[in-house]
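Visitor: predicted model and sequence follow; I will ask about them next.
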Protein chains: 2
Amino acid sequence: MVGDGEEVRNKQVLARDYIDGNPKETDMYFNTSSISLKPIVGYGVAKVLESGHPDFKKGDFIWGVTKWEEYNLITMTESLFKIQHTDVPFSYYTGLLGMPGMTAYIGFSELCSPKKGEYVFVSSAFGAVGQVVGQVAKLMGCYVVGSAGSKEKHLSCFYLNKVDILKSQFGFDEAFNYKEEHDLDAALKRSVENLHINNLNEINEAKFLIISCIDIYFDNVGGKMLDAVLLNMRFHSRTAVAGMISQYNLDQPEGIRNLLSLVYKRIRMEGFTVYDYYHLFPNFLDLVLPYIREGRMANVEDTAEGLENGPAALVGIFSGQNVGKQVVVVARE
Amino acid sequence: MVGDGEEVRNKQVLARDYIDGNPKETDMYFNTSSISLKPIVGYGVAKVLESGHPDFKKGDFIWGVTKWEEYNLITMTESLFKIQHTDVPFSYYTGLLGMPGMTAYIGFSELCSPKKGEYVFVSSAFGAVGQVVGQVAKLMGCYVVGSAGSKEKHLSCFYLNKVDILKSQFGFDEAFNYKEEHDLDAALKRSVENLHINNLNEINEAKFLIISCIDIYFDNVGGKMLDAVLLNMRFHSRTAVAGMISQYNLDQPEGIRNLLSLVYKRIRMEGFTVYDYYHLFPNFLDLVLPYIREGRMANVEDTAEGLENGPAALVGIFSGQNVGKQVVVVARE
């Protein structure tokens, strides 16, 4: 903590230049300074040390867009929220209760109008957004299938089965490891078929029902997975596109060949960004806070201790090394 | 006309088999019979000669799904509408006032929520649906650009400039012939730029504004055109997908590479079919009938006289030989 007006040593993570493709650790460097060059920005939680803004007072905790440095001078408050509920861990406001959770809520609950008993598929289901989509969908009485890239060697050198955790910790009904599937269409059909068999205990009926069974697709990845999902979507189904992470760093995006499904099956597909919906944040809290307090929602985080480990943690995300939401602890209260 | 219970000679157009790819005239044949084999179906207008249905009485005129034969025995009435307004030509109920007009209305007015001053692009703008989209958009105060395949040699052996007619007859602000453009992205940018120059008389301002200028895309064709349009859509823009005629008869659909625009620009894209919206037909009539009676909506039809000319007319549609809505006159009242 720092006293009023006191000069402090401020460690920062800076980008050397515009980063082309996936970030590498060598694209970033450390600086100790009392002025800002161009530190990396991201969602963070912070304590207010001084403030001239009426909504944020000394001692308040906030979450929102912050810089990768120990002390932030924040002049833009559009994406800054005062933390009203401090009975949940602060780190939740970078994941379950922050931007990723809101993204899940908006895409799933607002754009896809879920109904009890519907079939939901989430790609990148183990990510900070995906794990919330799956849990909210279950709490609303939907059936949920997720895909993840599992059995990655984790930073801490153990092997982690994300598919198992999706089912055991987050309550997904089915999950598969897309990296082990050469035919995503078949993987989707098999997962939904398994679900039906579990639900119906009637293999013949299930076989009949599995054709085009996805009512809601929460898309985080785009590309080949989206193309396969389109073949398996039901009439009047809905797709919320939160991201297309498989496509961002390609020289040329993959071609999607199954858009004819949009016409044949009257599918709605909508890209969105959470920034347009922050006015609905109170509704989101009303929905999920009670579940969190009742212990009905899990939050899996991968914690890197110290700003020094931030670059490696960021690089790890792009190769799927993180387990759930990647958090960097700059300081503890 | 035929008296009650009288046996009549009934000419029909039948399909030889399942038609693979674009239909050829040799895929169809004529039959004279009093029983139905499998005549082709399509939207038609007919007079009721006998009826056991309380909603349709002898002497009524109806429009809806009918068979390609002189006399129809209609048992399914879900897609059958009694013609209430007989002061407009009957053929309008196969186009402007029928399924194509309703398709235009639903996709444009219901799904795309147009606002005055917005920029609308319509592909296959000269088709039965496209010409209504363009006209409704103009009546709502939007700017409209259309694409068509122009300068086709017409059946009657004259050359027709569809692009000119879109502007002169249907009031489109700009139009281009996609068959003459090797770069659809550039054609779209140029068309919207021309529009802005016309509107603003300020070339510099126009140059600045042309980036991503389409608020609403009414898609009839899919494929390369859709891919180019995605590059030119504005933030929070909307696409209604009525059809993807460029893709139906390909062995493998073309890959769409610009779906990332959905995320970056928060675009909504929705496939639909008019069958889900016929309950809104009265709203549609309320909107367009006054315009039609005031002479503010044009209707261009290509008329083939006699059921004998039906197969050639159907084949012509797939090579763009028809001028506006293709109508086959089976009998005149």
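Guide: In hand now; what should we look at?

Visitor: check what pLDDT the residue of the stretch 1-150 of chain A found nearest chain B gets.
Guide: When scored by C-beta to the nearest C-beta, the stretch 1-150 of chain A has A:Leu111 as its residue closest to chain B, at 8.8 Å. The C-beta positions use only the backbone N, C-alpha and C, and glycine is treated the same way. Per-residue confidence at A:Leu111 stands at 97 (pLDDT).

Visitor: kindly report the same for A:Glu205.
Guide: 50.

Visitor: can you tell me the SS state at A:Phe235?
Guide: strand (DSSP: H, G, I helix; E, B strand; the rest coil).

Visitor: so where do the strands sit in the stretch 1-150 of chain A?
Guide: Per DSSP state E, counting those that start in this stretch, the stretch 1-150 of chain A carries strands over the ranges A:10-15, A:28-33, A:41-47, A:61-67, A:80-82, A:119-122, A:143-148.

Visitor: just send those back as a markdown table, with mean neighbour count, mean pLDDT and distance to chain B too.
Guide: Converted to a markdown table, those look like this (neighbours: other C-beta atoms under 10 Å in any protein chain shown; pLDDT from 0 to 100; distance: least, C-beta to the nearest C-beta, whole Å):
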| stretch | mean neighbour count | mean pLDDT | distance to chain B |
| --- | --- | --- | --- |
| strand A:10-15 | 19 | 78 | 21 |
| strand A:28-33 | 14 | 76 | 25 |
| strand A:41-47 | 18 | 92 | 18 |
| strand A:61-67 | 20 | 93 | 19 |
| strand A:80-82 | 17 | 92 | 21 |
| strand A:119-122 | 28 | 97 | 16 |
| strand A:143-148 | 28 | 95 | 18 |
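
Visitor: indicate which one of these is closest to B:Asn72.
Guide: strand A:119-122 (40.6 Å; C-beta to C-beta).

Visitor: now do the contacts for the residue of the stretch 201-333 of chain A found nearest chain B.
Guide: Here the residue of the stretch 201-333 of chain A nearest chain B is A:Gly255; by C-beta to the nearest C-beta that distance is 1.6 Å. Listed by C-beta atoms under 8 Å, 6 or more residues apart in numbering or on different chains, the contact partners of A:Gly255 are B:254-257.

Visitor: A:Pro100 now?
Guide: Taking C-beta under 8 Å, 6+ apart as the test, what A:Pro100 contacts is A:94, A:127-129, A:132, A:325.

Visitor: surely A:Asn258 forms part of a strand?
Guide: No: using three-state DSSP, the assignment for A:Asn258 is coil, not a strand.

Visitor: per-domain residue ranges of chain A.
Guide: A:1-83+A:306-333, A:99-275 (automatic domain parsing).

Visitor: so of the ones you listed, which one's packed in deepest?
Guide: Mean neighbours per residue, mean count of other C-beta atoms under 10 Å in any protein chain shown, is largest over the domains of chain A for domain A:99-275, with a mean of 20.

Visitor: where does A:Asn309 sit: helix, strand or coil?
Guide: Classification of A:Asn309 by three-state DSSP places it in helix.

Visitor: any idea how far A:Glu301 is from B:Leu166?
Guide: 57 Å (C-beta to C-beta, to the nearest Å).

Visitor: returning to what we had before: may I see the contacts of A:Gly255 organised as CSV, with distance to A:Phe235 added?
Guide: Written out in CSV, the entries for those read as follows (distance: C-beta to C-beta, whole Å):
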residue, distance to A:Phe235
B:Glu254, 24
B:Gly255, 24
B:Ile256, 21
B:Arg257, 27
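
Visitor: from those residues, which is closest to chain A?
Guide: Nearest member of the contacts of A:Gly255 to chain A, counting by C-beta to the nearest C-beta, is B:Gly255, at 1.6 Å.

Visitor: which residues touch the residue nearest the centre of chain A?
Guide: The residue lying closest to the centre of chain A (C-alpha atoms, centre = their mean) is A:Val129, at 2.2 Å. Applying C-beta under 8 Å, 6+ apart, we find A:Val129 in contact with A:100-101, A:103-104, A:107, A:218, A:220, A:242-243.

Visitor: again, only using 10 Å
Guide: Taking C-beta atoms under 10 Å, 6 or more residues apart in numbering or on different chains, we find A:Val129 in contact with A:95, A:99-105, A:107-108, A:122, A:218, A:220, A:242-243, A:274, A:325.

Visitor: check A:Gly98 too.
Guide: A:43-45, A:63-64, A:81, A:83, A:91-92, A:128, A:274, A:281, A:325.

Visitor: any idea whether A:Val163 is helix, strand or coil?
Guide: Of the three states, A:Val163 takes helix according to three-state DSSP.

Visitor: hang on, isn't it packed against A:Gln169?
Guide: No: A:Val163 is beyond contact range of A:Gln169, at 11.3 Å (criterion: C-beta atoms under 10 Å).

Visitor: which neighbours do those two share?
Guide: In contact with both A:Val163 and A:Gln169: A:Phe126, using C-beta under 10 Å, 6+ apart.

Visitor: which residue ranges of the stretch 151-300 of chain A form helices?
Guide: With helices called from DSSP state H, counting those that start in this stretch, the stretch 151-300 of chain A shows them at A:162-168, A:184-200, A:203-209, A:223-231, A:260-264, A:281-293.

Visitor: show me what the longest one is packed up against.
Guide: The helices and strands touching helix A:184-200, judged by 3 or more C-beta pairs under 10 Å, 6 or more residues apart in numbering or on different chains; DSSP states H and E, are strand A:119-122, strand A:143-148, strand A:174-177, helix A:203-209, strand A:214-219, helix A:223-231.

Visitor: next one: the longest one to chain centre, how far?
Guide: Using C-alpha atoms, centre = their mean, to the nearest Å, the distance from the centre of helix A:223-231 to the centre of the chain it belongs to is 19 Å.

Visitor: tell me the mean pLDDT over that helix?
Guide: Helix A:223-231 comes out at a mean pLDDT of 97.

Visitor: please apply the same query to the fifth one.
Guide: Strand A:214-219 carries an average pLDDT of 97.

Visitor: give the contact list for A:Gly51.
Guide: One thing to correct before we go on: residue A:51 is Ser, not Gly. By C-beta under 10 Å, 6+ apart, A:Ser51 lies in contact with A:57-60, A:62, A:74, A:77.

Visitor: hmm, which of these is lowest in pLDDT?
Guide: Ranked by pLDDT, those bottom out at A:Thr77 (84).

Visitor: quick one, phi/psi of it?
Guide: Main-chain dihedrals, A:Thr77, degrees, to the nearest 10: phi -110, psi 10.

Visitor: quick one, phi/psi of the residue lying closest to it once chain neighbours are set aside?
Guide: Distances taken as C-beta to C-beta, 6 or more residues apart in numbering or on different chains put A:His53 closest to A:Thr77, at 6.0 Å, once the chain neighbours are dropped. Phi and psi for A:His53, reported as degrees, to the nearest 10, are phi -100, psi 130.
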